[in-house]
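*Asks:* from the sequence below, what's the structure:
(chains A, B, C and D)
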4 protein chains.
Amino acid sequence: MAAPAPHDPPTSTDPPAATSVDERPVHVTHVRVPFADVDMMRHVNNVAYVRYFETARMRFLVGLLPDHPMLDADARGFSLILAETRIVYRSPAFYDEELVVRCTIGEIRRSAFEMPFTITAGDRLVAEGAGWLVGFDYAQQAAVPLPDDVRAALRG
Amino acid sequence: MAAPAPHDPPTSTDPPAATSVDERPVHVTHVRVPFADVDMMRHVNNVAYVRYFETARMRFLVGLLPDHPMLDADARGFSLILAETRIVYRSPAFYDEELVVRCTIGEIRRSAFEMPFTITAGDRLVAEGAGWLVGFDYAQQAAVPLPDDVRAALRG
Amino acid sequence: MAAPAPHDPPTSTDPPAATSVDERPVHVTHVRVPFADVDMMRHVNNVAYVRYFETARMRFLVGLLPDHPMLDADARGFSLILAETRIVYRSPAFYDEELVVRCTIGEIRRSAFEMPFTITAGDRLVAEGAGWLVGFDYAQQAAVPLPDDVRAALRG
Amino acid sequence: MAAPAPHDPPTSTDPPAATSVDERPVHVTHVRVPFADVDMMRHVNNVAYVRYFETARMRFLVGLLPDHPMLDADARGFSLILAETRIVYRSPAFYDEELVVRCTIGEIRRSAFEMPFTITAGDRLVAEGAGWLVGFDYAQQAAVPLPDDVRAALRG
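*Replies:* Just a heads-up that it's a prediction; the model follows:
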């Protein structure tokens, strides 16, 4: 398949932090494709992959940051919001296949970090991409820097 | 909200075609947020926006290319597959809001084209992004150039 | 298609209230079938109909009972929970069809009421069924009788 | 919670077949609740349970009837369609809970059979209900009797 998928250059002024990626945490989630996720083209629907990434991402974050309430709309203090998702579809997947969603931590900035992911079926790369998560304070309704304990957890 | 969201530069060798964007076709779909699309943070779920874009995109393509079967897994000849989606979340949306999904045609290459989209609630930008669609022949299982009638339809 | 599974009237000891059904409120929601709701059999997926009923039901209830917070997990006072859904599939529906979900109020009991629904495509009956909603107090975590204003609203 | 809506046995004229239920086949599927299945009431959404039942039912049927194509819209010969689903909600379930969906075979008639199911979280009954599946020939677009090999597989 072609790999078209160019982008405009990034326009953020948020400078990349110096980070080592050697020991970054990794999260693996398994998905066995349910009937409802297969569309009329008999492939796993494009949107289903984005949901698989969400499922994996939330489990990863809740496990990585147990002291920060990721799932409580009324909580005070530091939380995270998803600012962007990019997904590239590499090959179709099919009903009842066993997929593996593997998430890790990419670039870490002052108030945001990247979560790259892959979705594979055995040796086959099905999809890959990344989300960007931004530190957010729901009480202030504003982006906030990543606290030190969060940065430490992300670096592994 | 922060705008983190940088990317690596594009790596395709597929050169951009010279195109005018003045008269490009546009498609508008309305969505009234259903209960099931709101998550435990009481915001429209991130994945729901990707589904709204899919709903709009399929309607747009079927209307734009009536001579090419977009929805038949067994059809012969030219079809399109989604190669990539990028979505940037700009502000939350809520239960029962009226959202507008607006798709248009962006860059057109030899065998692929970009479909930018926005999702708005009144004057508020909720999300924006783009998909890349690639000409595909299911019988050959290979990417194929966009036929002239498709290029003409995309240019409006 | 066979009609294999009719039911007798419910056998609850909760006595039916005396009600006239002449002027019962009705709610109509329109759904244009999105791509993602069609499954690999090329029919609207069975689960999608249940979601259409939910979408319609929540709009109906919020409009009918504006003084009772139906959508706030932290609210005090009277709320409603769904206790049961039954759906009978009468004929398939297809991609991009315009469906009409029509809900009304059926039997009203001391602490519960029935919401029958139909889903049609033009003159064709696609699915029909009913939900049962039960008065519930989240603070007490207990079923409660329907207040008088709710009974009045349900009777129309 | 109240139990408002029990049902009597079905009143079809299709006579129940004489069957022993001792050795009926059973299928068990595990679901770990994903983030997207939890709604703004912070409970697993009502529709999600119906999807869990579908996921389990399709796996059960494909395993039980390997000689009959359950998943091919173009296949000739015997297939099954879902004619009805009933679900009773017994207690809420929550984000990240481990649910067990247990399906079995209930009443078997000439051209249809019942598939009862339960959804549990540990010892807690979360939901229960049943689907009715009808023998169907897509080429004839008509209900057909269950073949002998299907009846044998259903009886275990």
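*Asks:* quick check: residues of chain A near chain D?
*Replies:* With Cβ under 8 Å from any Cβ of the partner chain as the criterion, chain A meets chain D at residues A:34, A:35, A:36, A:51, A:54, A:55, A:58, A:59, A:62, A:71, A:95, A:96. Every residue, glycine included, has its C-beta placed from N, CA and C.
*Asks:* from those, which single one is nearest chain B?
*Replies:* residue A:51 (4.7 Å; Cβ to the nearest Cβ).
*Asks:* from what I can see that closest one touches residue D:37, true?
*Replies:* No - using Cβ atoms under 8 Å, residue A:51 is not in contact with residue D:37; the gap is 9.5 Å.
*Asks:* helices or strands up against the longest helix along chain A?
*Replies:* Counting residues, the longest helix found in chain A (DSSP state H) is helix A:46-64. On a contact count with 3 or more Cβ pairs under 8 Å, 6 or more residues apart in numbering or on different chains; DSSP states H and E, helix A:46-64 meets strand A:26-32, strand A:78-89, strand A:98-104, strand A:112-121, strand A:124-137, helix B:46-64, strand B:78-89.
*Asks:* what residue of chain A is the furthest out?
*Replies:* residue A:40 (27.0 Å; Cα atoms, centre = their mean).
*Asks:* what about residue A:150, is that helix, strand or coil?
*Replies:* Secondary structure, DSSP: H, G, I helix; E, B strand; the rest coil: residue A:150 is helix.
*Asks:* quick check: the gap between it and residue A:62.
*Replies:* For residue A:150, the distance to residue A:62 equals 13 Å [Cβ to Cβ, to the nearest Å].
*Asks:* and these two? which has more neighbours close in?
*Replies:* Each of residue A:150 and residue A:62 has its neighbours counted (other Cβ atoms under 10 Å in any protein chain shown); residue A:150 has more, 19 against 16.
*Asks:* leaving out sequence neighbours, find the closest residue to that one.
*Replies:* residue A:65 (6.2 Å; Cβ to Cβ, 6 or more residues apart in numbering or on different chains).
*Asks:* and the lowest-mean-pLDDT helix or strand in chain A, what does it pack against?
*Replies:* Least confident element among the helices and strands of chain A, by mean pLDDT, DSSP states H and E: strand A:142-143 (a mean of 92). The elements that strand A:142-143 packs onto, with contact taken as 3+ Cβ pairs under 8 Å, 6+ apart, are strand A:124-137.
*Asks:* other SSEs contacting the strand it packs on?
*Replies:* helix A:46-64, strand A:78-89, strand A:112-121, strand A:142-143.
*Asks:* how far off strand B:78-89 does that strand point, in degrees?
*Replies:* 20 degrees (axes from the mean of the first three to the mean of the last three Cα atoms, to 10 degrees).
*Asks:* gap between strand A:124-137 and the chain center?
*Replies:* 3 Å (Cα atoms, centre = their mean, to the nearest Å).
*Asks:* give me the neighbour count for residue A:122.
*Replies:* 9.
*Asks:* setting aside sequence neighbours, what's the nearest residue to it?
*Replies:* residue A:98 (8.0 Å).
*Asks:* could you do residue A:107 as well?
*Replies:* residue A:114 (4.5 Å).
*Asks:* with residue A:100 as the reference, measure out to that neighbour.
*Replies:* On the measure of Cβ to Cβ, residue A:114 and residue A:100 end up 20 Å apart.
*Asks:* out of those two, which sits in the busier spot?
*Replies:* Comparing residue A:114 with residue A:100 by other Cβ under 10 Å, the one with more neighbours is residue A:114, at 21 against 16.
*Asks:* that one pairs with what?
*Replies:* residue A:132 (DSSP bridges).
*Asks:* does it touch residue A:86 like I think?
*Replies:* No - the criterion here is Cβ under 8 Å, and residue A:114 misses it with residue A:86 at 9.9 Å.
*Asks:* which neighbours do these two have in common?
*Replies:* A:130, A:131 (Cβ atoms under 8 Å, 6 or more residues apart in numbering or on different chains).
*Asks:* can you pull the contacts of the closest residue to residue A:137 other than its chain neighbours?
*Replies:* Computed as Cβ to Cβ, 6+ apart, the closest residue to residue A:137 that is not its neighbour in sequence is residue A:144, at 4.8 Å. Shown in contact with residue A:144 (Cβ under 8 Å, 6+ apart): A:78, A:111, A:135, A:136, A:137.
*Asks:* for residue C:155, state which of those is nearest.
*Replies:* residue A:136 (46.0 Å; Cβ to Cβ).
*Asks:* so what's that closest one closest to, chain neighbours aside?
*Replies:* In space, residue A:136 is closest to residue A:81, 4.5 Å off (Cβ to Cβ, 6+ apart).
*Asks:* tell me who's in contact with that neighbour.
*Replies:* Per Cβ under 8 Å, 6+ apart, neighbours of residue A:81: A:133, A:134, A:136, B:1, B:89.
*Asks:* returning to what we had before: now the longest helix of chain A: how far from the chain's centre is it?
*Replies:* 6 Å.
*Asks:* what's the angle between it and strand A:124-137?
*Replies:* Angle, helix A:46-64 to strand A:124-137, by the same axes, to 10 degrees: 50 degrees.
*Asks:* how about helix A:46-64: buried residues?
*Replies:* Buried residues in helix A:46-64, counting neighbours by 16 or more other Cβ atoms under 10 Å in any protein chain shown, are found at A:46-62, A:64.
*Asks:* please apply the same query to stretch A:122-129.
*Replies:* Applying a neighbour-count criterion of 16+ other Cβ under 10 Å, one finds A:126, A:127, A:128, A:129 buried in stretch A:122-129.
*Asks:* among those residues, which one sits closest to chain C?
*Replies:* Closest to chain C, out of all of the buried residues of stretch A:122-129 and judged by Cβ to the nearest Cβ, is residue A:127, at 16.2 Å.
*Asks:* that closest one touches residue A:119, doesn't it?
*Replies:* Yes - here residue A:127 reaches residue A:119: they are 4.4 Å apart, a contact under Cβ under 8 Å.
*Asks:* contact partners for residue A:68?
*Replies:* Contacts of residue A:68 by Cβ under 8 Å, 6+ apart are A:77, A:78, A:79, A:80, A:150.
*Asks:* circling back: now for residue A:127 and residue A:119: what residues contact both?
*Replies:* residue A:49.
*Asks:* quick one: which of the helices and strands packed on strand A:124-137 is nearest residue C:107?
*Replies:* Taking Cβ to Cβ, helix A:46-64 is the member of these nearest to residue C:107, at 37.4 Å.
*Asks:* which strand or helix spans the residue nearest to residue A:69 when sequence neighbours are not counted?
*Replies:* Spatially, and ignoring its direct neighbours in sequence, residue A:69 is nearest to residue A:75 (3.9 Å; Cβ to Cβ, 6+ apart). Under DSSP states H and E, no helix or strand contains residue A:75.
*Asks:* tally of neighbours for residue A:75?
*Replies:* 13.
*Asks:* repeat that for the one 5 residues further on.
*Replies:* The criterion is other Cβ under 10 Å. On that basis, residue A:80 has 19 neighbouring residues.
*Asks:* from residue A:83, how far off is the residue nearest to it when sequence neighbours are not counted?
*Replies:* Leaving aside its sequence neighbours, residue A:80 sits nearest to residue A:133 (Cβ to Cβ, 6+ apart; 4.6 Å). Separation of residue A:133 from residue A:83 (Cβ to Cβ): 7 Å.
*Asks:* got the contact list for residue A:153?
*Replies:* Per Cβ under 8 Å, 6+ apart, neighbours of residue A:153: A:25, A:64, A:65.
*Asks:* which one of those residues is nearest residue A:105?
*Replies:* residue A:25 (6.0 Å).
*Asks:* how many other residues sit next to that closest one?
*Replies:* By the measure other Cβ under 10 Å, the count of residues near residue A:25 is 14.
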